[in-house]
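S.K.: I'd like to go over a predicted model; first the sequence, then the structure.
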Amino acid sequence: MIVRTFSARSGQLMLALMFSLPLTASGKACAQPNQNAPGKPLEYLRKHVGQEPYDLWKSQPLQKRLTALLGLEYRSLIANMNPASELMKSNGILHTEGNAPHEGGVEEAILLVDVDNDTIEVFLRHKETIVRAWAEHDRTVVIPHDAMERMRGWPRSALAQALANLQRNASASSTRDTARSAAQTSSGTTQSAAPTICQAGAACYESNSFSATINDFRTSAAGRFKIITANLRITNKLNRGLTLGVEQGSGLAIDDQGNRYVIDSPNSIRGLGVITSSSAVDTKFTLAPGESGDARVEMLLAMEHNIVYGTSFQISMTLREIDRVGASQLRLGREHEVRFAQLTNGLAPRPNSLMGGASRTEAAQPPVAPYNATQSAPVTASPDACGATPRCYSSGPVVATIAQVSASSVGNFKDHVLRVDVKFRNLSSQPIILAYASGTSTALDNLGNSYSWGHTGSHDLSAQGIGLTTRSSADPQFILQPGETRSATFQVIRYRPGNSALGTLFTYAVTIDQLEILPSQQIRTTREFSMNFLELRTSAFPAQGVGDSLRKLGDIFTKKRSGPQTGGH
């Protein structure tokens, strides 16, 4: 696990990267191959960052591999790279872009190199309307921002088709790898394979280590952005613990009109830790054998005039296993290119899928199920502690049940307010500390309207009865003893809805941190629970709560939270 750093919030957003596609780049004169790092034959290219790439076309092994990859189109690459930009490095990816003399917008090229994964990728634009793409080893890698800017003016449908072809090839390669692994298993050369969890027809990815199922997929709009939100339930299939992280910049969605949606902020990923580099690894998403946990991903597209928006989506991201070496060291393990296709708004899970369920009936008390993170378990999915309990989320030691949902219009502008009462229960044999992750409380109604905790840039005071975590502080007041149940209330709002109707069915999402107080009295986040509740029907707004809620709404952005805050470093 990683120590949560509570420092001043950084205003810098994660770079909005497009794809998980293979990359190559070029630079200048080259070193001898025997000077390259073992397993990284293109390592010598790093020495030429900031230089013009022309001498690299003759360097080895780059020239040989480009010729093998492109065939006769190798000459087109060279022609379309004169002039070319200097070799640049973005998030570990080397890249250069260019166009044929006086033919920008007609004959262009992009070369990308992922040195660490030993992969080259090339894009060529021909005669204004043709786009072709090649990738070694049928892998996918992040496309740097500069390359995306170059592609922005390329023909949308042709580019979408080229990207789709790369994804299809990579997916086929993954299927072949899975089949090969199964064949080895049947011949007794590897350990027995874990049983299949994915159900036929479900939006599901499965490997020998885990399965990942999209149990909720929504589209919405906020301000000038179109947003897609995917909730994943990930199940550990191993007979040991499993830690996963998402590679920074690897999330991308494409709709059936070729529009690209990207992750633009750290807050767009919930539940999963982000792997920034081999030395910056967040291990908060750790599952015991057979355990399931949720992750939530949001991707944005800036709306523009005269653009047709699609209704069917494919999304991809790179999840990577994180292995522990000794007591305190970490090592990055196998990568998984996780892809889902034909996703549509409102996609919901099958009734018998493993998830924090939703129902139209009122919540019942969840059954007690002992939890022990170190216990051994079969490599099948463990039973959901929610059982048949409606409006319930369960993962690890925590069960959260929606006790009441109420909606109303308040204030002079008739703002729509949704209030959600949640009961948290500790299933473990040890005390646990929970806190609300600031800025993560959101909802969507059945009319496609989005609700949030408040205005960006203001203090988040939308939660009552539970402590708050931010980038600079953590409040550990919400302690659950073994078997104990406590409640908290969350409030989200839709400002100035005009004459639009109040929704009657809601999807509510919130992120809850599990905290640990160290002997030094510092606080770290040991796990993040991304909770998603579907098909929440409202009940009458509690009479005694109307006036109180109005007062809270009036104060929410002016008063400061009272009470001590325990900060870390």
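M.R.: Sure, I can see it.
S.K.: Determine the three-state secondary structure at the closest residue to Leu444 other than its chain neighbours.
M.R.: Of all residues not flanking Leu444 in the chain, Thr507 sits nearest, at 4.8 Å (Cβ to Cβ, 6 or more residues apart in numbering). Glycine gets a C-beta too; all of them are placed from N, C-alpha and C. Secondary structure, DSSP: H, G, I helix; E, B strand; the rest coil: Thr507 is strand.
S.K.: mind listing the helices for the stretch 51-200 of the chain?
M.R.: 62-70, 74-80, 145-151, 156-186 (DSSP state H, counting those that start in this stretch).
S.K.: now do the stretch 251-400 of the chain
M.R.: Under DSSP H, counting those that start in this stretch, the stretch 251-400 of the chain gives no helices.
S.K.: Can you pull the poorly scored residue ranges out of it?
M.R.: Within the stretch 251-400 of the chain, the ranges that satisfy pLDDT under 70 run 327, 348-384.
S.K.: where does this protein dip in pLDDT?
M.R.: 1-39, 171-195, 327, 348-384, 540-569.
S.K.: try 50
M.R.: For the chain, applying pLDDT under 50 flags the ranges 1-37, 189-193, 349-382, 540-554, 556-569.
S.K.: Do a quick rundown of the strands in the stretch 301-450 of the chain.
M.R.: Here the stretch 301-450 of the chain has its strands, by DSSP state E, counting those that start in this stretch, at 313-325, 329-343, 392-395, 398-410, 415-426, 432-437, 442-445, 450-452.
S.K.: Output the helices of the stretch 51-200 of the chain in JSON lines; the columns should cover distance to Leu56 and mean neighbour count.
M.R.: Output for the helices of the stretch 51-200 of the chain, formatted as JSON lines (distance: least, Cβ to Cβ, whole Å; neighbours: other Cβ atoms under 10 Å):
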{"stretch": "helix 62-70", "distance to Leu56": "6", "mean neighbour count": "17"}
{"stretch": "helix 74-80", "distance to Leu56": "11", "mean neighbour count": "18"}
{"stretch": "helix 145-151", "distance to Leu56": "17", "mean neighbour count": "19"}
{"stretch": "helix 156-186", "distance to Leu56": "23", "mean neighbour count": "16"}
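S.K.: distance of the residue lying closest to Pro41 once chain neighbours are set aside from Ile263?
M.R.: Using Cβ to Cβ, 6+ apart and skipping the chain neighbours, the partner closest in space to Pro41 is Pro61 (5.4 Å). From Pro61 over to Ile263 the distance is 33 Å, taken as Cβ to Cβ, to the nearest Å.
S.K.: neighbour count winner among those two?
M.R.: When neighbours are counted by other Cβ atoms under 10 Å, Pro61 and Ile263 differ, and Ile263 comes out ahead with 27 against 15.
S.K.: Could you measure from that one over to Lys47?
M.R.: 31 Å.
S.K.: swap in Arg524?
M.R.: Taken as Cβ to Cβ, the span from Arg524 to Lys47 is 39 Å.
S.K.: now swap in Val142 and tell me
M.R.: 22 Å.
S.K.: quick one, which of those two is more surrounded?
M.R.: Val142 (28 against 15).
S.K.: picking that back up, mind putting the helices of the stretch 51-200 of the chain in JSON lines, distance to Gly241 included?
M.R.: Formatted as JSON lines, the helices of the stretch 51-200 of the chain follow (distance: least, Cβ to Cβ, whole Å):
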{"stretch": "helix 62-70", "distance to Gly241": "38"}
{"stretch": "helix 74-80", "distance to Gly241": "46"}
{"stretch": "helix 145-151", "distance to Gly241": "36"}
{"stretch": "helix 156-186", "distance to Gly241": "21"}
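S.K.: Out of these, the one nearest Pro482 is which?
M.R.: helix 156-186 (40.0 Å; Cβ to Cβ).
S.K.: Packing partners of the helix or strand that the closest one is followed by?
M.R.: Remark: after helix 156-186, the chain's next helix or strand is strand 204-206, criterion DSSP states H and E. Applying 3 or more Cβ pairs under 8 Å, 6 or more residues apart in numbering; DSSP states H and E, one finds that strand 204-206 makes contact with strand 210-222, strand 329-343.
S.K.: Give me the distance from strand 204-206 to the chain's centre.
M.R.: Centroid displacement of strand 204-206 relative to its chain, using Cα atoms, centre = their mean, to the nearest Å, is 15 Å.
S.K.: Test my guess that Trp134 contacts Gly71.
M.R.: No. Counting by Cβ atoms under 8 Å, Trp134 sits too far from Gly71 to count as a contact (9.1 Å).
S.K.: For Gly50, which three-state class applies?
M.R.: Gly50 ends up coil, using three-state DSSP.
S.K.: so who does it touch?
M.R.: Applying Cβ atoms under 8 Å, 6 or more residues apart in numbering, we find Gly50 in contact with Glu86, Leu87, Met88.
S.K.: Apart from its neighbours in sequence, what residue is nearest the last one?
M.R.: The one in question is Met88. His95 (5.7 Å).
S.K.: Surely the one you found is in contact with Ala147?
M.R.: Yes. His95 sits in contact with Ala147 when judged by Cβ under 8 Å, with a separation of 5.5 Å.
S.K.: Adding distance to Ser520, write the contacts of Gly50 out as CSV.
M.R.: Formatted as CSV, the contacts of Gly50 follow (distance: Cβ to Cβ, whole Å):
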residue, distance to Ser520
Glu86, 47
Leu87, 45
Met88, 42
